[in-house]
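>>> what follows is a predicted structure for the sequence shown.
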Amino acid sequence: MSKARIPINTVSTGLCVLEEKAKSNVDKSLLFYRQYTQLPLLSVSLYSKEGYTIYMTNSVIYSFSATGNSLSAARRIASRLDAKVIPITKETSLDCSADQIGLVFPDYFMGIPKIVSDFLEKISIQQKDPYMYAVITYGDSPGGALNLVQSILSKRSLHLSYGKLVKMVGTYIPMYDVKPENPKDILHQADIQADEIASSVLYGQRITIKPVFPFISKMIYSSYLKKTGDGDSKFTVEESCTGCGICASVCPQKNITITDKKPVFNHDCTHCLACMHWCPSESIQYGKKTKMRKRYHHPEITLKDMSL
């Protein structure tokens with residue numbers, strides 16, 4: 001943990017009001033008002049008549065995002081917690097020493113992306129009892145995604161302290177067109193939810209993750225797993241492809257290589273569809289129904305943000 005000395009204006013029995021802005025690790029927009037004996041993430045000790053010493057939590061957020069929805073949520077939450085956002089890719093480091101660990105990623109088929117489940121099964125958590133939370137963005141129905149996270153963690157003697165679902169734009173175009181057509185309102189509400197989540201995490205809120213449609217979720221999720229790996233055989237590339245290589249740069253699995261100015265899929269797919277949504281010429285198709293459907297990526301996330 002790091003520490004910062006913060007002058008305060010008010011001290012009363014059991015309460016401290018921190019009204020001055022920290023110059024280092026404390027989010028400059030936050031006002032902390034809390035009984036310091038109950039603060040789970042900020043340890044407050046009397047420093048002098050002028051102030052307190054604040055021991056800050058080492059906070060990280062692991063994020064996986066194909067269209068930028070989850071990355072946008074992760075960044076917004078991180079900005080309020082002074083957390084570092086680390087993208088989950090095939091090459092992400094598996095060592096974590098943080099004592100506050102966030103997971104932000106999309107729902108896939110009422111479950112979680114395979115690249116995320118693989119990461120959770122392998123990551124090395126060095127803290128004995130970290131505060132772990134998950135934020136899952138979804139476009140249709142999230143099903144048992146949080147339950148699956150909790151199940152994976154519990155097998156490793158870890159616990160999901162807090163979890164939240166955030167409604168976002170639906171982007172699974174092999175099944176339906178991008179929805180809603182005008183995403184402005186839903187993205188605004190997602191930002192509000194992200195702010196509320198940050199507040200809950202800041203104060204160490206804990207919840208019980210309850211089972212949601214366990215049988216249906218398991219059945220639907222199994223259909224997703226069949227699409228991973230060599231499920232990329234259903235991708236096709238049209239003649240309009242320019243060989244720009246963007247699809248390869250956004251692929252989190254490094255599953256795409258450019259050969260003779262065309263993408264080649266190498267059968268290690270996590271079925272995120274980033275290649276489709278970021279293709280500037282919309283040349284990559286999956287099956288027969290995607291050609292006439294829209295592509296989408298979050299308006300505040302750029303290709304540079306996504307390039308891995």
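Looks like it came in fine.
>>> what are the ranges of the helices in the chain?
69-81, 114-122, 145-154, 184-202, 214-225, 246-250, 274-278, 303-306 (DSSP state H).
>>> list the contacts for the nearest residue to residue 108 once chain neighbours are set aside?
Spatial nearest neighbour of residue 108, excluding adjacent residues (CB to CB, 6 or more residues apart in numbering): residue 224 at 5.4 Å. From N, CA and C alone the C-beta is placed, and that goes for glycine too. Each residue near residue 224 by CB atoms under 8 Å, 6 or more residues apart in numbering is listed here: 108-109, 111, 114, 271.
>>> can we see that at 7 Å?
108-109, 111, 271 (CB atoms under 7 Å, 6 or more residues apart in numbering).
>>> in the stretch 201-308 of the chain, what spans have low per-residue confidence?
Residue ranges of the stretch 201-308 of the chain with pLDDT under 70: 308.
>>> TSV please, covering the helices of the chain and showing distance to residue 88.
Formatted as TSV, the helices of the chain follow (distance: least, CB to CB, whole Å):
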stretch	distance to residue 88
helix 69-81	10
helix 114-122	5
helix 145-154	13
helix 184-202	18
helix 214-225	17
helix 246-250	14
helix 274-278	13
helix 303-306	13
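>>> out of those helices, nearest to residue 89?
helix 114-122 (7.5 Å; CB to CB).
>>> distance of the most centrally placed residue in the chain from residue 190?
Computing the C-alpha centroid of the chain and ranking residues by CA atoms, centre = their mean puts residue 104 first, at 1.8 Å. Taking CB to CB, to the nearest Å as the measure, residue 104 falls 12 Å from residue 190.
>>> in the stretch 51-200 of the chain, where is pLDDT below threshold?
Ranges of the stretch 51-200 of the chain meeting pLDDT under 70: 51-56.
>>> what is the neighbour count of residue 96?
17 (other CB atoms under 10 Å).
>>> again with residue 180
Neighbour tally, residue 180, other CB under 10 Å: 11.
>>> residue contacts, it?
residue 186.
>>> ok, back up a step: now for the helices of the chain, which one comes closest to residue 264?
Nearest to residue 264, of the helices of the chain and by CB to CB, is helix 246-250 at 9.1 Å.
>>> returning to what we had before: who wins on neighbours among the contacts of residue 224?
residue 108 (29 neighbours).
>>> that residue and residue 227, how far apart?
Residue 108 is 9 Å from residue 227, by CB to CB.
>>> same check, this time on residue 131
Residue 131 is 33 Å from residue 227, by CB to CB.
>>> could you do residue 135 as well?
24 Å.
>>> quick one, which of those two is more surrounded?
Comparing residue 135 with residue 227 by other CB under 10 Å, the one with more neighbours is residue 135, at 25 against 18.
>>> skipping adjacent residues, who's closest to residue 198 in space?
residue 80 (3.8 Å).
>>> actually residue 109, not the one I wrote
That would be residue 224: by CB to CB, 6+ apart, it lies 3.5 Å from residue 109.
>>> distance of that neighbour from residue 281?
27 Å.
>>> tell me the domain ranges of the protein?
2-56, 59-220, 230-306 (automatic domain parsing).
>>> any idea which of these is most buried?
Greatest average neighbour count among these goes to domain 59-220 (a mean of 19), per mean count of other CB atoms under 10 Å.
>>> what about that one, how long is it end to end?
33 Å (CA to CA, to the nearest Å).
>>> now stretch 250-257 - C-alpha only, PDB.
The C-alpha trace of stretch 250-257 is given here as PDB (Å, rounded to 0.1, in the frame of the first residue of the first chain):
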ATOM      1  CA  VAL A 250      -7.500  -6.300 -32.300                       C
ATOM      2  CA  CYS A 251      -7.600 -10.100 -31.900                       C
ATOM      3  CA  PRO A 252      -6.900 -10.900 -28.200                       C
ATOM      4  CA  GLN A 253      -5.900 -14.400 -28.900                       C
ATOM      5  CA  LYS A 254      -3.400 -13.500 -31.700                       C
ATOM      6  CA  ASN A 255      -5.500 -15.900 -33.700                       C
ATOM      7  CA  ILE A 256      -5.300 -14.000 -37.000                       C
ATOM      8  CA  THR A 257      -2.300 -13.700 -39.300                       C
END
